[in-house]
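Participant: here's my sequence, what's the structure:
(one chain, ligands or ions: 1)
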Amino acid sequence: MRARSPPGPSPHDPPRVWPEGIDGHPAHPYDLETLDFDRLWAGREKTTALEAEVVRRAIVGAEGPRVLEVGPGGGRITPVLRRKFEEYVGVDLTGGFLDELRARDPSLRWLFRADVESLPFVDASFSAVSMIRVYNFLLHPERAIREMYRVLEPGGLLILSYHHVPSLGTLFEDVRNCLKDPRPVGFVPVTLSRKELLLPRRARVRQMIRSAGFQIASERATGLEDFGPGRWLPITTLVGLAEATSHSSLLPHRFLTARKPGLPRRPPAGIGSIVRCPDCSVGWVGAVPGAEVPERCPGCGRRSTASPAGIPSLLPTGSGGPADRASH
Ligand SMILES: C[S@@+](CC[C@H](N)C(=O)[O-])C[C@H]1O[C@@H](n2cnc3c(N)ncnc32)[C@H](O)[C@@H]1O
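Facilitator: Okay, the predicted model is just below:
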């Protein structure tokens with residue numbers, strides 16, 4: 001990820017608060033608004049190069065013109081997707097990341113602030129959906145997976161990545177934190193934990209993907225490049241290891257590809273024909289940047305709002321987004 005200042009909160013971008021103790025799990029440890037990509041990715045160019053290559057290989061067989069990237073964040077994986085597909089659409093919960101992405105690359109035309117758990121697109125809108133390093137931030141991953149299934153066309157490809165338990169990575173972190181004196185505040189060992197909200201077990205993710213209707217096509221495991229001698233291995237070796245170790249739980253980060261069954265067909269042409277209101281699900285061409293039609297949703301009258309950089313917000317009302325403050 002390129003060097004940049006940490007994305008801070010802005011008036012159009014209210015913080016999303018994770019409810020404490022949801023489903024009996026601890027509060028979410030991340031504050032997305034202050035996520036510092038510079039610090040997070042300093043010295044980890046090899047991880048980015050490896051993940052870009054893993055995604056590139058995973059989408060080789062994808063057909064069709066349009067891709068949805070869920071949670072592009074700082075845009076690490078975006079170029080790989082743009083090279084493969086004619087039309088790129090990005091959605092992120094955090095408006096500040098989208099504003100920065102647009103500032104760096106104004107040719108990224110179709111960016112929307114939205115929640116993957118309630119996607120503002122009509123059914124069968126995309127040829128492929130990519131969601132890299134987002135799963136572990138989700139409150140309701142099963143909703144996100146169902147939504148991604150819904151917006152994929154038959155034959156469409158999903159690629160997602162997630163961190164899981166147990167793995168050598170979680171064991172290493174648990175032992176390191178246990179040996180610290182004092183132990184980090186709020187530290188709870190996760191390797192053998194039964195609480196799976198943020199770090200799921202592999203079987204659980206596979207079961208969620210299958211129950212949504214997907215057929216799992218492939219899995220690859222990464223993470224070695226972040227540890228000791230793994231840092232010195234060439235990318236081709238690491239990609240080979242990612243494929244060879246896909247059946248073991250040793251490595252902490254997993255890339256999974258899955259297909260929506262059915263014969264591929266072209267999704268509807270034009271972004272105006274795929275955007276829908278996140279509140280009433282009525283098609284809403286006026287929410288697309290540059291549209292000359294009404295700025296209010298034709299179904300429920302919700303007003304369209306956008307960030308100063310012109311990124312429309314399509315968060316559902318009630319999620320704390322701008323629609324909650326806009327007058328109806
Ligand atoms: C760790 S970053 C990953 C960014 C990028 N995919 C990468 O691999 O570098 C997680 C991203 O997911 C986004 N995100 C988290 N929850 C989301 C949700 N419910 N809907 C859409 N985006 C979400 C965050 O705002 C952030 O940009």
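
Participant: the closest residue to Gly156 other than its chain neighbours: neighbour count?
Facilitator: Excluding the flanking residues, the one nearest Gly156 by C-beta to C-beta, 6 or more residues apart in numbering is Lys260, at 4.9 Å. For glycine as for every other residue, the C-beta is placed from the backbone atoms N, C-alpha and C. As a burial measure, Lys260 scores 22 neighbours (other C-beta atoms under 10 Å).

Participant: residues in contact with Pro141?
Facilitator: By C-beta atoms under 8 Å, 6 or more residues apart in numbering, the contact list for Pro141 reads 135, 200, 205, 208.

Participant: swap in Thr245?
Facilitator: Per C-beta under 8 Å, 6+ apart, neighbours of Thr245: 221, 251.

Participant: which of the contacts of Pro141 has the most neighbours?
Facilitator: Neighbour counts for these peak at Tyr135, which has 25 neighbours (criterion: other C-beta under 10 Å).

Participant: pretty sure that one sits against Leu158.
Facilitator: No. Tyr135 lies out of contact with Leu158 (C-beta atoms under 8 Å); the separation is 11.5 Å.

Participant: pLDDT score for the residue nearest to Gly156?
Facilitator: Note on Lys260: pLDDT of 97.

Participant: again, but for Pro182
Facilitator: Per the predicted model, pLDDT is 79 at Pro182.

Participant: secondary structure element for it?
Facilitator: Counting by DSSP states H and E, no helix or strand carries Pro182.

Participant: check contacts around it.
Facilitator: With C-beta under 8 Å, 6+ apart, Pro182 has no contacts at all.

Participant: show me where the stretch 51-200 of the chain has its helices.
Facilitator: Along the stretch 51-200 of the chain, counting by DSSP state H, counting those that start in this stretch, helices occupy 78-84, 95-104, 141-151, 168-179.

Participant: tell me which of these sits nearest to Gln215.
Facilitator: With C-beta to C-beta, the closest approach to Gln215 among the helices of the stretch 51-200 of the chain belongs to helix 141-151: 11.1 Å.

Participant: show me what counts as buried in that closest one.
Facilitator: Across helix 141-151, burial judged by 16 or more other C-beta atoms under 10 Å covers 141-151.

Participant: again with stretch 103-117
Facilitator: Buried-residue list, stretch 103-117, by 16+ other C-beta under 10 Å: 108-117.

Participant: of those residues, which belong to strands?
Facilitator: Assigned to strands by DSSP state E, the following of the buried residues of stretch 103-117 qualify: 110-113.

Participant: from those residues, which is closest to the ligand?
Facilitator: Nearest to the ligand out of those is Arg113 (C-beta to the nearest ligand atom; 8.6 Å).

Participant: run through the residues that contact that closest one.
Facilitator: Counting by C-beta under 8 Å, 6+ apart, Arg113 touches 13, 91-95, 98, 307, 311-315, 321.

Participant: quick one: those residues as a markdown table, columns for pLDDT, distance to Pro264 and neighbour count too.
Facilitator: Shown next, in a markdown table, are the contacts of Arg113 (pLDDT from 0 to 100; distance: C-beta to C-beta, whole Å; neighbours: other C-beta atoms under 10 Å):
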| residue | pLDDT | distance to Pro264 | neighbour count |
| --- | --- | --- | --- |
| Asp13 | 35 | 37 | 24 |
| Val91 | 97 | 23 | 23 |
| Asp92 | 95 | 27 | 24 |
| Leu93 | 92 | 29 | 23 |
| Thr94 | 90 | 32 | 21 |
| Gly95 | 90 | 33 | 26 |
| Leu98 | 94 | 29 | 28 |
| Ser307 | 90 | 35 | 20 |
| Ile311 | 92 | 30 | 25 |
| Pro312 | 93 | 29 | 24 |
| Ser313 | 92 | 32 | 23 |
| Leu314 | 93 | 27 | 27 |
| Leu315 | 91 | 31 | 25 |
| Gly321 | 55 | 34 | 24 |
